[in-house]
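> Need a 3D model of the sequence below.
(one chain, ligands or ions: 1)
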Amino acid sequence: MSLRIDILTLFPEMFGSFLGTSIPKRAAEKGLVDYKLTNIRDFATDAHLSVDDKPFGGGPGMIMMCPTVYDAVEAAEKQDPRTAIRILLTPQGQRFDQSMAEQFARRDRLLLIAGRYEGFDERIIAGLNPIEVSIGDYVLSGGELAAMVVIDAVVRLLPGALGAEDGAADETFADGLLEHPQYTRPREFRGMSVPDVLLSGNHAAIAKWRAEQRKMRTKERRPDLWQAFEERDK
Ligand code: 6GU
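Sure thing, here's the model as predicted:
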């Protein structure tokens, strides 16, 4: 059974080129995933097609209203009997990482809710009980890019999504370490040469060099990951 991904947004057009390109596109063509876009504004009921309003208590910005979001979620969910994991994209959420991507990739249905404006009415969270997810400590103008980040990280993990010999298994973060340096032709470029070991044909020596490079890089660049890696070994 393929993975169904529902995307609820006020800007479905932002997803067109992303879903129609490269791995996300190929995964859908292979039947590994189905994308279903829902425009939240289609569920607005007033003359102005409102989806947001001013915050009670005052303050800047506009807040996504409950009725349209609830109606959009319920309409999308009714289209398929599978139970969706509801994921709300918000800077207030839990930080997205590779292990969350792996968990999502094991499910058969995800429903992503991307908001614009200053945030969601808290009763959207209280009543729909989504997992709140953030992609990092910076502020985006909306959840759409974050939703695409989540989709990309998840879809490439689906068995068969990647081309030649499943690259996903031994790359960065699969084991908590950064990737080793890589080189391709030419052997010599503007005075910079490829490390001899990579041209040696000695596969054991190459594997050892790469493992050392990964540890060195992680230690230097990401002490947080390095500490977690060392603690995991204990
Ligand atoms: Cl999920 N949404 C918005 N608006 N900004 C973000 C984010 C999400 N994650 C990081 N920044």
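> Tell me the residues of this structure that contact the ligand?
Contact residues, the chain versus the ligand (Cβ under 6 Å from any ligand atom): 89, 90, 91, 134, 135, 136, 138, 139, 140, 142, 143, 146. The C-beta positions use only the backbone N, C-alpha and C, and glycine is treated the same way.
> Most neighbours among these, which one?
residue 143 (30 neighbours; other Cβ atoms under 10 Å).
> So which residues make contact with stretch 132-151?
5, 7, 9-11, 14-15, 18-19, 24, 35, 87-96, 100-101, 104, 112-117, 125 (Cβ atoms under 8 Å, 6 or more residues apart in numbering).
> Quick one: mean pLDDT over it.
Averaged over stretch 132-151, pLDDT sits at 97.
> That one: end-to-end distance?
15 Å (Cα to Cα, to the nearest Å).
> Use 21 as the first number for this chain going forward.
Taking 21 as the first residue, the last one we looked at is stretch 152-171.
> Sheet partners, orientation included, of the longest strand seen in the chain?
Longest strand in the chain by number of residues (criterion: DSSP state E): strand 105-115. Partner strands and pairing direction for strand 105-115 (DSSP bridges) are strand 129-134 (parallel), strand 151-154 (parallel).
> Mind checking what helix or strand follows it in sequence?
Following strand 105-115 in sequence order, the next helix or strand is helix 118-125 (DSSP states H and E).
> Now do residue 211: how many residues are near it, please.
By other Cβ under 10 Å, the residues close to residue 211 number 5.
> which stretches of this structure form helices?
36-39, 42-49, 86-98, 118-125, 142-148, 164-175, 223-241, 243-253 (DSSP state H).
> and the longest one, what does it pack onto?
Applying 3 or more Cβ pairs under 8 Å, 6 or more residues apart in numbering; DSSP states H and E, one finds that helix 223-241 makes contact with helix 243-253.
> now for the helix it packs on, which elements pack on it?
helix 223-241.
> List the buried residues of the helix it packs on.
226, 229, 230, 233, 234, 235, 237, 238, 239 (16 or more other Cβ atoms under 10 Å).
> And the first one, how far from residue 232?
Counting by Cβ to Cβ, to the nearest Å, the gap between residue 226 and residue 232 amounts to 11 Å.
> And the last one, by the same measure?
As defined by Cβ to Cβ, residue 239 lies at a distance of 11 Å from residue 232.
> For stretch 208-228, measure first residue to last.
23 Å.
> scratch that, stretch 117-137
Using Cα to Cα, the two ends of stretch 117-137 sit 25 Å apart.
> Please state the offset of it from the chain centre?
Distance of stretch 117-137 from its chain centroid, counting by Cα atoms, centre = their mean, to the nearest Å, is 7 Å.
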